[in-house]
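J.: here is a sequence with its predicted model. Questions after.
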Amino acid sequence: MRKIKTRIQEAKSNPKSLGYEVYCTIDGVVTPIVYQRSEFDGSLYYETVNVTKSKRLRRQKSLTGTKSLLTPVKQNGATILPICVFDYDYGVTDSSNNVIKWISSYDRSLFEQSTSANQPSLGVRGGGVNGFTPIYFNRSESDFMLLNSPITITGDFTMFFYIEPVAVPIHKQYRLLGKSDDNDMYLSIGEGYNETYNLSFSSSSEVVVSTTGYWQPSSRKLLITIQRSGSNVYIRENGTQIHTGTTPTSDFTFDQIGKIGNIAIPTFSGSMYHFSAYDGYITTRLSEMENSIIKKAALAKE
């Protein structure tokens with residue numbers, strides 16, 4: 001019978017990993033412990049077992065009391081489910097601090113960018129650490145990412161974005177979501193002078209929120225909540241309602257983040273901490289979910 005002993009390898013950990021790898025000794029040979037995991041497309045692969053770093057454990061402890069964004073929302077006898085949940089500290093694959101993939105923690109949707117020139121970075125100028133730093137989209141490099149499969153939202157919905165927009169040199173044309181084959185299906189901020197939020201379904205069907213001059217964010221870092229309930233639209237910033245109006249009830253389809261259609265420039269400019277979408281108009285847990293997103297984003301490194 002083979003003798004197997006388990007231990008933690010006390011070698012220096014890669015700063016991008018979750019912690020120290022766990023090894024076992026099999027017949028005197030030190031061997032990494034692995035487990036089998038299923039990828040979003042159903043393929044299987046092996047991944048090493050890591051011991052969580054103490055720094056990450058402290059971060060997790062600080063989130064005690066926050067609400068999970070993956071839990072279905074029970075409301076008025078109905079269940080509202082997540083469509084996708086993207087967080088800066090989950091599912092990010094990078095190469096030399098350029099972001100290649102960003103996987104949703106729900107339903108395994110995947111943003112990706114194979115063209116190195118258009119890959120966002122981990123933090124400003126790529127100086128961040130995977131799992132701790134928001135994803136930075138550099139407008140001068142036309143950064144954006146594509147979904148592995150388009151997402152279509154039908155009926156009521158709730159979307160959350162936590163961003164830090166960077167003016168170049170003024171706050172305009174922050175392209176959040178788009179459809180690669182349709183220049184008229186998108187969600188953007190500051191598309192034009194005297195405009196803030198713009199939710200467009202077609203060339204003749206859109207929501208445009210008016211302002212005076214160019215859009216000015218209410219804070220440097222910003223939680224944006226956009227909701228549709230029937231033909232009504234609600235927009236909130238940092239948990240405060242800033243707009244109520246009417247909206248088309250058409251389906252909204254997107255397959256890219258940071259870009260509209262096939263328009264090469266400009267793309268989104270700034271840091272993206274969080275993006276999620278839900279298949280209903282959330283009211284009962286809305287403030288709790290917003291506070292959870294804000295609290296988690298506050299733990300990120302610049």
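T.: That came through fine.
J.: for residue 106, what are phi and psi?
T.: Phi and psi for residue 106, reported as degrees, to the nearest 10, are phi -130, psi 130.
J.: next, count neighbours for it.
T.: Other residues lying near residue 106 total 18 when counted by other CB atoms under 10 Å. Every residue, glycine included, has its C-beta placed from N, CA and C.
J.: per-residue confidence at it?
T.: Residue 106 is assigned 92 on the pLDDT scale.
J.: can you tell me which residues contact it?
T.: The contact partners of residue 106, by CB atoms under 8 Å, 6 or more residues apart in numbering, come to 69-70, 82-85.
J.: next one: residue 200
T.: 184-188, 206-207.
J.: pLDDT added to those, as CSV?
T.: Formatted as CSV, these follow (pLDDT from 0 to 100):
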residue, pLDDT
184, 97
185, 98
186, 98
187, 98
188, 97
206, 95
207, 96
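J.: list only buried entries from those residues.
T.: Buried by 16 or more other CB atoms under 10 Å: 185-188, 206-207, out of the contacts of residue 200.
J.: for these, which one is nearest residue 155?
T.: When the buried ones among the contacts of residue 200 are compared for distance to residue 155 (CB to CB), residue 207 wins out at 15.7 Å.
J.: so that closest one: helix, strand or coil?
T.: Three-state call for residue 207 (DSSP: H, G, I helix; E, B strand; the rest coil): strand.
J.: which strand residues bridge the closest residue to it other than its chain neighbours?
T.: Residue nearest to residue 207 in three dimensions, not counting chain neighbours: residue 199, with 4.2 Å by CB to CB, 6 or more residues apart in numbering. With DSSP bridges as the criterion, residue 199 is bridged to residue 187, residue 207.
J.: these two touch, right, residue 199 and residue 189?
T.: No - in this structure, residue 199 is not within contact of residue 189 by CB atoms under 8 Å, at 10.2 Å.
J.: pull the number of nearby residues for residue 30.
T.: The number of residues packed near residue 30 is 11, by other CB under 10 Å.
J.: how about it: what's its closest non-neighbour residue?
T.: Excluding its sequence neighbours, the residue lying closest to residue 30 (CB to CB, 6+ apart) is residue 23, at 5.2 Å.
J.: try residue 241
T.: Residue 241 sits nearest to residue 234 (CB to CB, 6+ apart), 6.4 Å away.
J.: tell me the SS of that neighbour?
T.: Looking at residue 234 with three-state DSSP, the answer is strand.
J.: okay, buried residues for the longest helix belonging to the chain please.
T.: Taking DSSP state H as the criterion, the chain has its longest helix at helix 286-297. Within helix 286-297, the residues that count as buried by 16+ other CB under 10 Å are 286, 289-290, 292-294, 296-297.
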